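this one's structure only:
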């Protein structure tokens, strides 16, 4: 099971988290988020991260120019689009050589057929909990809704995931054979916004890494 640790913005905490060898680390470039990275991390620090941990920049309805400038400045491997970005928008970024994770906020009204338009222009999908505003809620959506997902595109599972969810995630994967590429964690592993509880993360990663799940 791959792991993405999102919402990093403190250099010392980032280095501690990297010792756990997460597959992805996420940096939020959305100013309204309490985990907005801003200038709290030096670009050279982010650029020099080990290649084993892919760098993901999270954006909400940012312009293509802003995304491209940020990717270049921090050496990002992926962009995660968390707003209302259209398939054409994704295609424009893809044309520029950008790897894309397109996030969708899921509730019982979510129409999974809309994903077909994004499928050719994204590398992965990410499913998060639907809320009134953009950004994390610390709450999980009803993962049984993923039984409606009939697309072969691998996805990230996100939204209020905590240490106590490890067994449920493994059971979900085993029972449904869903194409879960990675699990995305954030606020449930924090001591404060942007600062991760490394020991809790260690326990979670060790539990999920026992299982070899690949999409």
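Okay, I see it. Quantities reported herein were computed from a predicted structural model and do not represent experimental measurements. Numbering: from 1, shown residues only.

what about the closest residue to residue 89 other than its chain neighbours, distance to residue 85?
Leaving aside its sequence neighbours, residue 89 sits nearest to residue 64 (CB to CB, 6 or more residues apart in numbering; 7.2 Å). The C-beta positions use only the backbone N, C-alpha and C, and glycine is treated the same way. Noted for residue 64: a distance of 10 Å to residue 85, by CB to CB, to the nearest Å.

could you do residue 153 as well?
For residue 153 relative to residue 85 (CB to CB), the value is 16 Å.

those two: who's more crowded?
In this view residue 153 and residue 85 are compared by other CB atoms under 10 Å, and residue 85 has more residues nearby, 24 against 18.

ok so the more buried one is a helix residue?
No: Residue 85 sits outside any helix when classified using DSSP: H, G, I helix; E, B strand; the rest coil, being coil.

residue 131 reaches residue 107, doesn't it?
No: Residue 131 is beyond contact range of residue 107, at 9.1 Å (criterion: CB atoms under 8 Å).

which one of those two has more residues nearby?
Legend: neighbour count by other CB under 10 Å for residue 131 and residue 107, higher for residue 131 (15 against 11).

tell me the pLDDT of the more buried one.
On pLDDT, residue 131 comes in at 78.

name the element residue 26 belongs to?
Per DSSP states H and E, residue 26 falls inside strand 24-28.

what's that strand in contact with?
Outside strand 24-28, the residues within contact range by CB atoms under 8 Å, 6 or more residues apart in numbering are 2-9, 14, 17-18, 35-37, 41, 46, 49, 53-58, 74, 76, 78, 80, 182, 184, 186.

now find how far off-centre it is within its chain.
In this view, strand 24-28 has its centroid 7 Å away from the chain centroid, taken as CA atoms, centre = their mean, to the nearest Å.

show the average pLDDT along it.
97.

report the buried residues of the following helix or strand past that strand.
Downstream of strand 24-28, the first helix or strand assigned by DSSP H and E is helix 43-47. For helix 43-47, the buried set under the neighbour-count rule, 16 or more other CB atoms under 10 Å, comprises residue 46.

determine the three-state secondary structure at the residue of the chain positioned farthest from its centre.
The C-alpha centroid of the chain is most remote from residue 175, which lies 23.1 Å away (CA atoms, centre = their mean). Look at residue 175: counting by three-state DSSP, its state is helix.

can we start the residue count at 258 from this point?
With the count now opening at 258, the last piece we talked about shows up as residue 432.

give me the contact list for the lowest-mean-pLDDT helix or strand in the chain.
Every helix and strand of the chain was ranked by mean pLDDT, DSSP states H and E. The lowest is helix 423-433, at a mean of 87. Residues outside helix 423-433 that contact it (CB under 8 Å, 6+ apart): 258, 400, 403-404, 414, 418, 435, 437, 440, 461, 464-465, 468, 470.

measure residue 282 to residue 352 for me?
Taking CB to CB, one finds residue 282 at 26 Å from residue 352.

leaving out sequence neighbours, find the closest residue to residue 309.
If the residues on either side of it in the chain are set aside, residue 309 comes closest to residue 278, at 6.2 Å by CB to CB, 6+ apart.

now do the SS call for that neighbour.
When classified by three-state DSSP, residue 278 comes out as coil.

next, count neighbours for it.
A count of neighbours around residue 278, defined by other CB under 10 Å, yields 12.
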